[in-house]
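>>> sequence first, then the predicted structure:
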Amino acid sequence: MNDFVMEAGHTSLCRISNEALCDDKEKAYILKMRAKTAADRSKEYNRLSQMKSGSMTIELRRWLMHRKGILQQFVEQDSESAEL
């Protein structure tokens, strides 16, 4: 049931603050993005957003949405940090 909800809603249970619900691929991506600057993460988020309308397999689209979700969390976190 969770898989259906995540697929239909283009969401993931993976959180950068608690990686317990992330798969290995997502954990590796989080680790990679933690090493980047806030500007680099924002740039990558914008790049992935532009790719959304492109033609790709279901599996690639799913991975694109997971990466966007992870990056969205980083971008929000970076915004909160900048405000302090």
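Cool, got the structure.
>>> could you pull out the strands in this protein for me?
For the chain, applying DSSP state E gives no strands.
>>> where along it do the helices fall?
With helices called from DSSP state H, the chain shows them at 2-9, 24-34, 38-51, 58-83.
>>> where does this structure have low pLDDT?
1-11, 84 (pLDDT under 70).
>>> picking that back up, wait, which of the helices of the chain is closest to Ser17?
Proximity to Ser17 (C-beta to C-beta) singles out helix 58-83 among those, at 7.7 Å. For glycine as for every other residue, the C-beta is placed from the backbone atoms N, C-alpha and C.
>>> give me the buried positions along the closest one.
Under the neighbour-count criterion of 16 or more other C-beta atoms under 10 Å, helix 58-83 has 61, 64-71, 73-75, 78 buried.
>>> if we can go back for a sec, I'd like the helices of the chain as TSV, with distance to Asn18 appended.
Shown next, in TSV, are the helices of the chain (distance: least, C-beta to C-beta, whole Å):
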stretch	distance to Asn18
helix 2-9	16
helix 24-34	11
helix 38-51	19
helix 58-83	11
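>>> Arg15: which of those helices is closest?
Nearest to Arg15, of all the helices of the chain, is helix 58-83, at 6.7 Å by C-beta to C-beta.
>>> name the helices or strands packed onto that closest one?
helix 24-34, helix 38-51 (3 or more C-beta pairs under 8 Å, 6 or more residues apart in numbering; DSSP states H and E).
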